[in-house]
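> the sequence and its predicted three-dimensional model are supplied below.
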Amino acid sequence: MAQPVPVPTEPNESTGSGAADEGGATVGPVAPDRSMRQAAIWATVVALPLTVLVAVFAFGRLAPDSEAAANPTPSATSATPRVQSTAPVPVTAVPLGERAATVCRALLSRLPASLGELAQRPVTTGPEQNAAYGDPAVTVACGTPLPSFPPTDQVWVVNSVCWHAQEQTDSTVFVTVDREVPVQVTVPRGYDPPLQWIAPVAEPVVAAVPSGKTRPTGCTG
């Protein structure tokens, strides 16, 4: 009887098991593809330092900066408001006629209790015609002399009142130029822009001080 010829077995690629030779001996496991092994090794080598870098970056984002922690910047809410003096403000009270005195009393009774954050303060003389706000003080004086200035000078119209501005060393002086009784507002340096402080005074001026008979060039309020 003829002997059967052994049929070679194909290697199992999934398990890597060996195949039997013609003598029944087992052939060793098939070696994995060399390129796949090298790719796996390089992936491991690259992944380790990348993981370390990601961890370092995350720590740097979450941990507080050492310099900032040592010197924290105060927030706006923690700032202490500036203390303003409540002492009387030295001012001069110019002599007023009966009509001007009546107009000035009406104006002073209409002035606001504060100009923005500047609270009203007492004055040394003439409280019926003078007022002061803040520290350093923004002052309001009713019945001051009307200034003379060239017709080409700038006239500022604020809330329907015309003002002429004169720059001093330590302040800007605004005087109404379209009212029966002039009103002067002196704004110290540092209160910028100075025009903002005459706006709340202009409304009482319109209500209490009648318009003058003449208006300078540029006054269209």
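Ah, there it is.
> going by C-alpha atoms from here, please, whenever you check contacts or count neighbours.
OK.
> correct me if wrong: Pro216 contacts Thr152.
No: between Pro216 and Thr152 there is no contact under C-alpha atoms under 8 Å: 9.5 Å.
> who has more neighbours, the two?
Pro216 (16 against 9; other C-alpha atoms under 10 Å).
> helix, strand or coil for that one?
coil (DSSP: H, G, I helix; E, B strand; the rest coil).
> and it, backbone torsions?
phi -70, psi 170 (degrees, to the nearest 10).
> okay, it: pLDDT?
With respect to pLDDT, Pro216 scores 83.
> what does Asn12 give?
49.
> same question for Val83.
74.
> that one and Asp135, how far apart?
9 Å (C-alpha to C-alpha, to the nearest Å).
> so between those two, which is more surrounded?
Neighbour count, other C-alpha under 10 Å: between Val83 and Asp135, Asp135 has more, with 18 against 8.
> per-residue confidence at the residue nearest to Gly218 when sequence neighbours are not counted?
Take Gly218 and drop its neighbours on the chain: the residue closest to it by C-alpha to C-alpha, 6 or more residues apart in numbering is Val155, 5.8 Å away. For Val155, the pLDDT comes out at 93.
> so what's Val155 bridging to?
His164 (DSSP bridges).
> okay, strands next: where are they in the chain?
114-115, 118-121, 130-133, 138-142, 155-158, 161-167, 171-176, 183-188 (DSSP state E).
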